[in-house]
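Colleague: Provided below are the primary sequence and the corresponding predicted coordinates.
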Amino acid sequence: MRRRILVWHIHGSYLAALTRVEHDWFLPVRPDRADGYGGRRPDLPGWIREVPAEEVHGLDLDFVLYQTPRNLFEDGPAILSDAQRRLPRIYLEHNVPDPPVTARHPFDDPRGLLVHVTHYNRLMWDNGRTPTAVVEHSVAVDPSIQATGELAKGAVLCNEIGRRGRAVGLDIFLQAREQVPLHLMGIDSEALGGVGDVPYPELHRQLAAYRFLFSPMRATSLPLAVVEAMTIGLPVVALATTELPTVIDDGVTGYVSCDVDYLIDRMRGLVEDPTLARRLGANARAVAQQRFGLDRFARDWNAAIARAIAD
């Protein structure tokens, strides 16, 4: 059944996949396009509608999807009517807890549904009394894009790596870059010699030219960049932390380890051997199509929506 859903624009890459699930999505907007109120991108489906924030209270909605504590505690009370605040609601958690294991999730609602993007995230959060579900990632990638590996270099895709520091492996990236040719992409990457933020519709075409993706992140959720790279047929080299050991098969779809020296050595091998990179990349693409495809993603999200509304 088609539903009418309010969602804030928080993570653009995730929103691009989420809104491929065919419902009527409403994005609140403000003239200043402040955080969460940026509205739709041109590449999003036509069933996504922008609504001025001051008019949201008049919408006929089926449920509300929150993604941040600010959505929950500030944005919702500010723009929703009393009746809308009583509607079924889902909180979509993108991140790992801080501190791990003991952090209590802020969404405390036995009548709501807390959706995690990985099983690791659900395991590590204290979810309290709130019912939970896991909907693993998908990405909205043009299926015509496939890795070429023409550049004998690796790509690293991370927003604000300089500010976020050790959690996203800034030190590991700098160490590896001394020994392996790596290009950094993402918001504010220019300060570290990177290429800057690449518009999402162009990102995958640029990524396809590299030999592999390196993910140096220590303590984040499953990076969407990993799923994007695998989907276009790039092998992934990553730390064996969070959900990644269940995603990357060492020596089959890429390389995964907590030994940074091992990863650096394997990256050198991929730079030197394009045939190896193509073989591992083809394996990665097959895994991504099965595990992270949009059809599976839509089924899981529709099941979560039906469960939230039924409860």
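Modeller: Cool, got the structure.
Colleague: any idea how far the worst-scoring helix or strand of the chain on mean pLDDT is from the middle of the chain?
Modeller: Ranking every helix and strand in the chain by mean pLDDT, DSSP states H and E puts helix 200-207 at the bottom, with a mean of 92. Taking the mean of its C-alpha atoms, helix 200-207 sits 15 Å from the chain's own mean (CA atoms, centre = their mean, to the nearest Å).
Colleague: check stretch 22-39 too.
Modeller: Distance, centroid of stretch 22-39 to centroid of chain: 18 Å (CA atoms, centre = their mean).
Colleague: let's test this: mean pLDDT of it, rounded?
Modeller: Average pLDDT, stretch 22-39: 94.
Colleague: what's the end-to-end length of that stretch?
Modeller: End-to-end span of stretch 22-39 (CA to CA, to the nearest Å): 18 Å.
Colleague: which residues are in contact with stretch 216-224?
Modeller: 11, 13-14, 94-96, 100, 117-118, 120-121, 136-137, 139, 156-158, 166-170, 172-173, 176, 215, 238-239, 241-244, 247 (CB atoms under 8 Å, 6 or more residues apart in numbering). All C-beta atoms are positioned from the backbone trio N, CA, C, and that covers glycine.
Colleague: cool, stretch 162-182 as well?
Modeller: 152-156, 158, 161, 184, 188, 191-192, 214-220, 239, 260, 263-264, 267-268, 271.
Colleague: buried set for the least confident helix or strand of the chain?
Modeller: For helix 200-207, a neighbour-count test (16 or more other CB atoms under 10 Å) marks 200, 203-204, 206-207 as buried.
Colleague: can I see the domain layout of this protein?
Modeller: The chain is divided into the following domains under automatic domain parsing: 4-138+293-310, 154-291.
Colleague: tabulate those in a markdown table, adding columns for distance to Q146.
Modeller: Converted to a markdown table, these look like this (distance: least, CB to CB, whole Å):
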| stretch | distance to Q146 |
| --- | --- |
| domain 4-138+293-310 | 16 |
| domain 154-291 | 5 |
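Colleague: so for A147, which of these sits nearest?
Modeller: A147 lies closest to domain 154-291 among the domains of the chain, at 3.9 Å (CB to CB).
Colleague: how far off centre is the closest one?
Modeller: Here domain 154-291 is found 14 Å from its chain centre; the criterion is CA atoms, centre = their mean.
Colleague: start and end of that domain, how far apart?
Modeller: OK, domain 154-291 end separation, CA to CA: 24 Å.
Colleague: same deal with stretch 157-168?
Modeller: Terminal residues of stretch 157-168 are spaced 11 Å apart (CA to CA).
Colleague: quick check: buried residues in it?
Modeller: Per 16+ other CB under 10 Å, stretch 157-168 contains these buried residues: 157-158, 161, 164, 168.
Colleague: after the least confident helix or strand of the chain, which helix or strand is next?
Modeller: strand 212-215 (DSSP states H and E).
Colleague: taking the mean pLDDT, what do you get for that following strand?
Modeller: 98.
Colleague: can you list the residues that contact the strand or helix carrying L280?
Modeller: Using DSSP H and E, L280 sits within helix 274-291. Helix 274-291 has contacts (CB under 8 Å, 6+ apart) with 136, 146-147, 149, 152, 211-212, 227, 229-236, 247-249, 251-254, 269-270.
Colleague: again with stretch 186-205
Modeller: Outside stretch 186-205, the residues that touch it by CB under 8 Å, 6+ apart are 12-13, 16, 41, 43, 141-142, 145, 156-163, 174, 183-185, 206, 228, 232.
Colleague: what about stretch 137-153, distance to the chain center?
Modeller: 16 Å.
Colleague: for that stretch, how far is the first residue from the last?
Modeller: 26 Å.
Colleague: would you mark the buried spots in it?
Modeller: Those buried within stretch 137-153 under the rule 16+ other CB under 10 Å are 137-141, 145-149, 151, 153.
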